[in-house]
Structures are given as structure tokens and as C-alpha cells.
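1. the following block contains a protein sequence and its predicted model.
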Amino acid sequence: MATVPRQLITQRKIAEHVQRLGELYPPIPLDSVDRTIKRPDLVMDRFGHVIDYLARVELEVDRNVLELLVLLPDVDDTNKTFYADVWQPQEIQHGLILDRLQQDLGRQPADPHLSVSFKIKILGALASLKPVQDIAKLLYFLTGASTERQAVLAYNQINTGLRDLGETAISETIITPIKQQEPGHFAFYQMSATAMIQDKMLKPWQIFMTRVLREKSYNLVGTNNMRDFKADMGGVVIDLGIDADLEGYAREIGRVESRLLWAQRQGMDFPPYILKALKESVELYRERGLSMV
Ligand SMILES: [Fe+2]
Ligand SMILES: [Fe+2]
């Protein structure tokens with residue numbers, strides 16, 4: 001069956017992955033960064049908006065941890081070690097380093113959105129029921145997989161752009177070390193979501209509910225279902241050149257859920273709600289540009 005990978009993903013494998021990430025990638029120290037910027041105006045012009053966006057999203061990791069605790073109060077040891085010892089300490093440094101970079105470029109410090117939304121609180125209240133808890137858990141892992149994949153792709157793109165500009169200090173001491181840490185996060189969520197399906201932890205009605213909720217609540221990374229952030233994300237999509245192939249990008253960031261949730265839909269390249277979210281962001285960004293003229 002398409003949903004079952006050839007190699008079984010055991011809880012032990014996931015735990016070993018988390019341990020390895022912790023050993024391989026300690027949080028990046030602020031003073032490891034070479035703050036040389038050759039042409040700040042050019043970097044700001046080309047990537048200022050993207051750096052602003054990424055700094056804010058990385059700093060919102062503390063809200064993501066709160067959401068996790070609301071949604072999954074009975075979180076197991078592997079998940080606890082991942083968020084407390086690996087993920088949060090790494091992401092917060094990404095945020096602090098990028099926030100300082102944007103201020104070095106003469107931009108405003110990030111203003112992270114740190115309050116947990118009403119929707120998450122409702123889902124959290126319902127998640128005290130075990131069958132809902134499993135749905136929330138799968139949704140949480142799918143969200144993690146999609147957002148971390150977006151981070152991997154964004155850092156790859158921005159790194160290429162900065163190298164083309166000859167900004168080697170930013171590329172080598174900021175973006176490269178950050179981008180090395182993101183694939184491990186993606187792998188954690190991807191393995192965790194896959195294990196839930198492979199172990200048949202959810203009954204068909206729960207999978208159905210997950211699909212419905214995912215379709216209704218899908219958000220691109222850092223948009224928090226807010227109009228302004230969606231428009232900001234549209235700017236990131238354009239600045240990184242992703243708008244040249246939105247479908248290809250939707251395929252990349254939707255691969256895990258395509259395989260795990262929608263395998264029964266023959267010929268579905270990617271879940272349509274992902275492309276819809278991308279188009280909406282780009283439209284909101286363009287609208288904002290027009291209204292500012
Ligand atoms: Fe990060
Ligand atoms: Fe990450």
C-alpha cells in the first residue's frame with residue numbers, strides 16, 4: 001500500500017533520531033556569527049522582507065510550544081525531548097540571530113505573535129478525549145512536516161541569493177548553519193506522522209476527520225490564519241521566486257500529507273488547499289501593493 005513505507009518507522013528510531021539531532025546540532029551561539037555585510041542596502045532590498053518574516057516565525061517557536069502543550073497535554077518522552085531539548089533551543093537561536101541581522105540591516109526588530117489562538121484552545125479542550133487527541137496529534141505532526149519543509153526551501157533559496165550577492169559572511173555563518181538544522185526537524189515530524197498511519201493508530205473516521213480539519217485549517221508557515229501575515233507570506237513567495245512554479249512548490253510542501261492522508265485519491269499531485277493558500281497569499285500581497293500606490 002502506498003501509505004506504508006518499505007522500512008518500518010519504530011518509536012525507537014524516532015527517539016534515536018531526536019538524540020542524534022541534539023548531539024549533532026547544539027543551538028547556534030550568537031557570537032559565532034560574522035556580522036560583516038558588504039552591501040547592506042542591496043541585501044535589504046533583495047531579502048529584507050524575507051529575513052523579517054523568517055525572524056518573526058522563528059521567534060514564534062515559544063507559541064508553538066504552548067500550542068503543543070495545549071493540544072497534547074500527555075505528550076510522550078520522545079516528543080518532550082524533541083521540543084524541549086532540541087527544537088525550541090535551536091529555533092529560538094535562529095530567531096535571535098535573524099532578528100539581529102535585520103536590525104544590522106537597519107530594519108525594525110521582529111514582533112512575534114505569541115498568543116495561542118481560540119481555535120487551538122477549542123481543539124485542545126476537545127483533545128482531552130483520546131480519539132480527538134490522536135487526530136490533534138496527527139494534525140500537529142503534519143503541520144510540523146509542512147512548515148519545516150517550507151523552512152528548508154526558504155533557507156536554500158535565500159542562501160543561493162546571498163552567495164550570488166557575494167555576502168559570504170551571512171551565508172556561511174548565519175544561513176548555512178541554520179539550514180543544516182531544519183531537515184532534522186522535518187524528518188522528526190515526517191517520521192512521527194508516518195508512524196501513526198503505519199501503526200494504524202487512527203480509525204477510518206478519525207482519518208476522515210483529520211482530512212476535513214486539515215482542509216479547513218491549512219496555513220502556510222507563519223501566517224497564523226491572519227490576513228496581514230498571509231500577505232507578508234505572499235511577499236516572501238515572490239521575493240524567493242517561488243511564484244514561478246507554485247504547483248511545484250505545493251507538491252514539495254504537501255508531499256507528506258499527500259502520501260499519508262490522500263493516498264486513495266488517484267492522480268492527486270498535491271492537496272488543493274495548499275495551492276489555494278499559496279495563491280491567496282500572493283493575491284493579498286499584490287492587493288496590498290496596489291492599495292499602497
Ligand atoms: Fe528554524
Ligand atoms: Fe525548524
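-> Noted; the coordinates are in hand. Ligands and ions are numbered 1, 2, ... in the order given.

2. lowest-confidence helix or strand of the chain?
-> Lowest by mean pLDDT, DSSP states H and E among the helices and strands of the chain is helix 118-126, with a mean of 90.

3. what's it in contact with?
-> Residues from elsewhere that reach helix 118-126, judged by Cβ atoms under 8 Å, 6 or more residues apart in numbering: 67, 70-71, 73, 132, 136, 217, 225. All C-beta atoms are positioned from the backbone trio N, CA, C, and that covers glycine.

4. of those, closest to ligand 1?
-> If you rank the contacts of helix 118-126 by distance to ligand 1 using Cβ to the ion, residue 67 comes first, at 16.1 Å.

5. burial check on that closest one, number of neighbours?
-> Neighbourhood size, residue 67 [other Cβ atoms under 10 Å]: 19.

6. ok, now residue 180?
-> Counted with other Cβ under 10 Å, residue 180 comes out at 13.

7. quickly find the element holding it.
-> helix 176-198 (DSSP states H and E).

8. tell me which other helices or strands that helix touches.
-> helix 11-24, helix 88-104, helix 130-164, helix 255-261 (3 or more Cβ pairs under 8 Å, 6 or more residues apart in numbering; DSSP states H and E).

9. the helix or strand where residue 230 lies packs against which elements?
-> Applying DSSP H and E as the criterion places residue 230 in helix 227-239. Packing partners of helix 227-239 (3+ Cβ pairs under 8 Å, 6+ apart): helix 40-59, helix 272-292.

10. quick one: which of these is nearest ligand 2?
-> Checked against Cβ to the ion, the stretch from the helices and strands packed on helix 227-239 lying closest is helix 40-59, at 7.8 Å.

11. which bits of this protein sit near ligand 2?
-> Contacts of the chain with ligand 2, taken as Cβ under 5 Å from the ion, map to 148, 182, 185.

12. repeat that for 6 Å
-> Listed as neighbours of ligand 2 in the chain under the rule Cβ under 6 Å from the ion: 91, 148, 151, 182, 185.

13. in the stretch 1-150 of the chain, what residue comes closest to ligand 1?
-> residue 94 (3.8 Å).

14. that residue: neighbour count?
-> 26.

15. just residue 167 next, same as before
-> For residue 167, the neighbour count with other Cβ under 10 Å is 23.

16. also residue 177?
-> 18.

17. that one contacts residue 28, correct?
-> Yes: counting by Cβ atoms under 8 Å, residue 28 is a contact partner of residue 177 at 5.0 Å.

18. hmm, back to that, and ligand 1, which of the residues of the chain next to ligand 2 reach it?
-> 91, 151, 182.

19. what about the closest residue in space to the first one that isn't next to it in sequence, neighbour count?
-> Just to be clear, that refers to residue 91. The shortest distance from residue 91 to any non-neighbouring residue, by Cβ to Cβ, 6 or more residues apart in numbering, is to residue 61 (3.8 Å). Neighbours of residue 61 under the rule other Cβ under 10 Å: 21.

20. tell me the secondary structure at residue 116.
-> coil (DSSP: H, G, I helix; E, B strand; the rest coil).

21. what mean pLDDT does stretch 203-217 have?
-> Per-residue pLDDT values over stretch 203-217 give a mean of 96.

22. alpha carbons only: can I get it in PDB?
-> Coordinates of each C-alpha in stretch 203-217 appear next as PDB, following Å, rounded to 0.1, in the frame of the first residue of the first chain:
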ATOM      1  CA  LYS A 203      -9.700   4.500  12.700                       C
ATOM      2  CA  PRO A 204     -11.100   5.400   9.300                       C
ATOM      3  CA  TRP A 205     -13.500   8.000  10.900                       C
ATOM      4  CA  GLN A 206     -10.500   9.700  12.600                       C
ATOM      5  CA  ILE A 207      -8.500   9.800   9.300                       C
ATOM      6  CA  PHE A 208     -11.600  11.300   7.700                       C
ATOM      7  CA  MET A 209     -11.900  14.000  10.400                       C
ATOM      8  CA  THR A 210      -8.200  14.700  10.100                       C
ATOM      9  CA  ARG A 211      -8.700  15.300   6.300                       C
ATOM     10  CA  VAL A 212     -11.600  17.600   6.900                       C
ATOM     11  CA  LEU A 213      -9.800  19.600   9.600                       C
ATOM     12  CA  ARG A 214      -6.600  19.800   7.600                       C
ATOM     13  CA  GLU A 215      -8.500  21.100   4.600                       C
ATOM     14  CA  LYS A 216     -10.300  23.700   6.700                       C
ATOM     15  CA  SER A 217      -7.300  24.800   8.700                       C
END
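
23. need the residues that contact that stretch.
-> 119, 131, 134-135, 138-139, 142, 197, 202, 225, 257, 261-262, 271, 273.
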